[in-house]
Structure formats: structure tokens, C-alpha cells
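**Q** I'd like to go over a predicted model; first the sequence, then the structure.
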Amino acid sequence: NFLTDTQMIAHLISYWSKPDNTENYTTQHPLSSNELLEKAIKRFVQKFPTAYNLLIFQTSTQTLYAVRDPVGIRPLTLCFSSRLVCISSESSSFTHITEDFFKTTRSSSPRVNRKTLPRLSSTTNETKQTQAQTGVTELQPGQIVRITFSPSHRKFQCKTIATVEVPPTITPQSCVFEYVYLARPDSVFNNILINEARYRMGCCLAREESRPYRFDPATTAVACVPRTALPAAKGYADTLGLPYYDLLEPVPSVARTFLLSNPRERYRLACQKFRVCPPQNPSLENITTWIFVDDSLVRGNTWYAVRELLDARLPSQSTNYHLRLACPPIHYPDLMGIDIPTREELIANYRLSETPTEKESQDSVSPPFPFPHPPVALQPPGTPANMESLATLCRVDTINYLTKGGVATTLSTLNPTLPASNWSMSWHDGCYPK
């Protein structure tokens, strides 16, 4: 019995790499332990085109293998110099490696074999210069890299042993939620800077306003919630010519609540995540309309907590609130992406239901929302989000989402080599790469 998928993968690769395995049996050329393990890794990647990144360390040979899934759902980046190799799903994590270390290695010629590793590029010259100095490389989908250390030469060697391609029936795709929320803004994924992607999605969100709203810049301001939505909020404000203010200040002691399993605990911590800190600006006295840009609306806990905070700290009798989401509605658990257990947890799947029908009463579930809300009904799979119901549940005047086409067009514009079909939004449409 396996408690985690990691245990299952480890045992499966270990079993396939045994010499007495029927596929490994040969009397002419016995395979070494390295060859057996590499054969098992390739076999696993070929048979399981799903979402994973693997680091496999063979203790007998002191060899490390880095593996990215063949679909390309998640990022995996390699950073190397003459005396150090680092592997991370976030390219930004390499910027925190001590600069003094790299200063001691830049003066000498590189000792790492880079011939089979593609160079990672980005959208800013500063990031390009940093990557050139540290040797940052984004692994391609299905790429398997062997990393060894030679004590005699005191150097690391990195070599691509295989790049497994998905079957023709499967389209390589990357999870858009990395750009929306999961990744740090200074990371690079598919040669796209996350911060730039979020800013552009905010610009696209402003251009896609479903109604010809006429927000007066003298009485309207834009703010973000949470901080991951900051680039999108600034892009939205710049496109509409509206002022942006940091109205909410995050509390450093409260971590992300997104993946907590207990809904009441999520909501309790969400109520502690922010402080309302109006900037010392006399012009704010005239602000009667606030547009909050959020990266996504999953369960609604964070926004509802913020809404109660605003009621307590800001005058509400003459203030209008509008909510804008920099991604499409989240309808599905998305087992290859953000991996939420059930669709019943997602607020976009509900609509107001003052008088539920007989079928709705039979199929009704208790919404897992720990905050007060009017009677709601769970909508069937595939039903578009009911904007009026969501606006009422979130206690805002209007709510609007960025469309699926807007996301795909924005990302493909930032990297023209990747078509619109490259972006996985299983959490929105329920469609997995196949």
C-alpha cells in the first residue's frame, strides 16, 4: 500500500530497474546499474504522460537524475556553474544563491557540459545577464538529465540522456495556473517572465470589459487582492487610465491558505491575512468606487474576509466595490494542475436559489462556505458561471473574469513559438491533455 504518489513512483522505478526483470534480462550484454535505472526512468516517462517533476538519486553511483514530465505541465529549471548544480521548479530561487559564490566561479572557464541543454531566455535584459552568468536552463518536456561529479577533475557533468515525447494523440500543455498564482513573479516559465504575463493578463482583462463601464478616474481607484494579483491590477489600471493604490497590506506571519483542507481554518486565516492601510493621500477622500483585481476566485474565502475588513475600516454608505479576476472561472478540481479535491468546493459552480427545484433539492449539497451566504444551488458540470449570483455571494456591485481566449492569446503573444493549444486550463474547462 502506498500513501503517496511519490512512493508509488519510487517503487515502480525500483522494480523496473532490477536485473532479473524480464525486460532487462539479457545474456549477451549485462546492463550496469546506471543503464538499468536509466532504462526504467525512460519507461516510466513513456508510460505516464501526467504531471510530475522527479529528482532521482542513485546512491551506489552517486548519480542524480532530473526528469520533467513529457506533457510539460510543471516547470523545472537547472542552474549550474563550475562547482554547483541546483534544480528547482522556480527559476527565481537561484537568485538567492550567494553572489559571492558565483563571483569565485565566473572568473574560471565553465566546466559543465552544456552542449545538450537548451539556453533559457527571458523578457528582460537584466534577467538574461544573470542567467548567462549562472548557466540557467529550463528543461524541456520529457527531458531526462544525468548529473554526476568527478572527484578527480573536481567538476560536475550534466548530460541529457533522453527527451521522451508524448504520443501523437496527446498535446503538450503547460498549466496556466503557474502564471496566474502558483509561481513567483520573478520566475520564468516557457521563456515567459511570470510578472510580465500577469501584467499583460491584467491589460487584457481591462480590454475585455463586458459592459462599457465609464469609471471616473477622479472617483475610482484600483487595488489588488492578494499580492500575487499586483501585476494584473497595475496592468488593468494602466489600460483604463485609473489610479492604483496599495490599499491592502499583507500580514507576513500568515502564509498561503490556498491548499489548507479545513474550510473553517482557511477562512479563519484568510481573515488575518490583510490590513487595510489607506495611503496618506488627500485625493482618496474623493474615491467612491474601488475596483479590486484578484488573480483568481477559488472558494471565495479570501475575498469575503477582505470585504468584511473593508466594511470595518472604510466608509461603506457611498462606496461601490467591483471585483475583477485575471483568469477564467475555476469549475473543476483539475487533477493535473491545482488539484482541488471536489468541484463542490468551488464558488463559481453555485448560483442563488431562493426556491430550489425538486431535482436541485435531491442533488443539493451543503456548500463548504464558512461565511454567511444566501441559499444557493450547485450547478451541473459545464454550466457557465452565473455572474449576478457570484456578485451577490461576494457582496460586490459587479464581477468579471478574463476569458480563456484572452489568457491563451496573451501567453502565446509573449512566446510566439507556443500556440494557443499549449495552455492547459483543466480547472476551467475540465479538459485534460489527450
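**A** Yep, that arrived.
**Q** Report all helices and strands that the helix or strand hosting residue 157 contacts.
**A** Using DSSP states H and E, residue 157 sits in strand 155-163. Counting contacts by 3 or more C-beta pairs under 8 Å, 6 or more residues apart in numbering; DSSP states H and E, strand 155-163 is packed against helix 33-47, strand 77-80, strand 143-150. All C-beta atoms are positioned from the backbone trio N, CA, C, and that covers glycine.
**Q** Pull out the buried positions in it.
**A** Residues of strand 155-163 classed as buried: 156, 158, 160, 162, 163 (neighbour count, 16 or more other C-beta atoms under 10 Å).
**Q** Just put those in JSON lines and tack on distance to residue 289 and pLDDT.
**A** As requested, the buried residues of strand 155-163 are exported to JSON lines (distance: C-beta to C-beta, whole Å; pLDDT from 0 to 100):
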{"residue": "156", "distance to residue 289": "57", "pLDDT": "85"}
{"residue": "158", "distance to residue 289": "54", "pLDDT": "88"}
{"residue": "160", "distance to residue 289": "54", "pLDDT": "93"}
{"residue": "162", "distance to residue 289": "56", "pLDDT": "94"}
{"residue": "163", "distance to residue 289": "52", "pLDDT": "94"}
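**Q** Going along the chain, name the strands of the stretch 1-150 of the chain.
**A** Listed in chain order, the strands of the stretch 1-150 of the chain (DSSP state E, counting those that start in this stretch) span residues 53-58, 63-68, 77-80, 85-88, 136-138, 143-150.
**Q** For residue 413, which non-adjacent residue is closest in space?
**A** residue 200 (7.3 Å; C-beta to C-beta, 6 or more residues apart in numbering).
**Q** Look at the one you found and say how many residues are nearby.
**A** Residue neighbour count, defined by other C-beta atoms under 10 Å, stands at 23 for residue 200.
**Q** quick one: secondary structure of it?
**A** When classified by DSSP: H, G, I helix; E, B strand; the rest coil, residue 200 comes out as helix.
**Q** give me every residue that touches it.
**A** Going by C-beta atoms under 8 Å, 6 or more residues apart in numbering, residue 200 touches 235, 410, 413, 414.
**Q** Show the pLDDT at the closest residue to residue 52 other than its chain neighbours.
**A** Spatial nearest neighbour of residue 52, chain neighbours left out: residue 69 (4.9 Å); criterion: C-beta to C-beta, 6+ apart. Looking at residue 69, its pLDDT reads 93.
**Q** Over to residue 26?
**A** We have a pLDDT of 59 for residue 26.
**Q** Renumber starting at 438 from here on
**A** From this message on, residue numbering opens at 438, which makes the last subject residue 463.
**Q** Could you export stretch 636-655 as PDB, CA atoms only?
**A** Taking Å, rounded to 0.1, in the frame of the first residue of the first chain, the C-alpha atoms of stretch 636-655 are listed here in PDB:
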ATOM      1  CA  TYR A 636       0.700  42.400 -16.200                       C
ATOM      2  CA  ARG A 637      -0.400  41.600 -19.700                       C
ATOM      3  CA  MET A 638      -3.400  39.500 -18.500                       C
ATOM      4  CA  GLY A 639      -4.500  42.500 -16.400                       C
ATOM      5  CA  CYS A 640      -4.300  44.600 -19.600                       C
ATOM      6  CA  CYS A 641      -6.400  42.100 -21.500                       C
ATOM      7  CA  LEU A 642      -8.900  41.900 -18.600                       C
ATOM      8  CA  ALA A 643      -9.400  45.700 -18.900                       C
ATOM      9  CA  ARG A 644      -9.900  45.400 -22.700                       C
ATOM     10  CA  GLU A 645     -12.400  42.600 -22.300                       C
ATOM     11  CA  GLU A 646     -14.900  44.500 -20.000                       C
ATOM     12  CA  SER A 647     -18.200  43.000 -20.900                       C
ATOM     13  CA  ARG A 648     -20.000  46.400 -20.500                       C
ATOM     14  CA  PRO A 649     -19.000  49.900 -21.400                       C
ATOM     15  CA  TYR A 650     -18.300  50.900 -17.800                       C
ATOM     16  CA  ARG A 651     -17.400  54.500 -17.500                       C
ATOM     17  CA  PHE A 652     -15.200  54.700 -14.400                       C
ATOM     18  CA  ASP A 653     -14.300  58.300 -13.500                       C
ATOM     19  CA  PRO A 654     -10.600  58.500 -12.700                       C
ATOM     20  CA  ALA A 655     -11.300  61.200 -10.200                       C
END
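**Q** Any idea how far it is from the middle of the chain?
**A** 24 Å (C-alpha atoms, centre = their mean, to the nearest Å).
**Q** can you pull the buried residues of it?
**A** Across stretch 636-655, burial judged by 16+ other C-beta under 10 Å covers 636, 637, 638, 639, 640, 641, 642, 643, 652.
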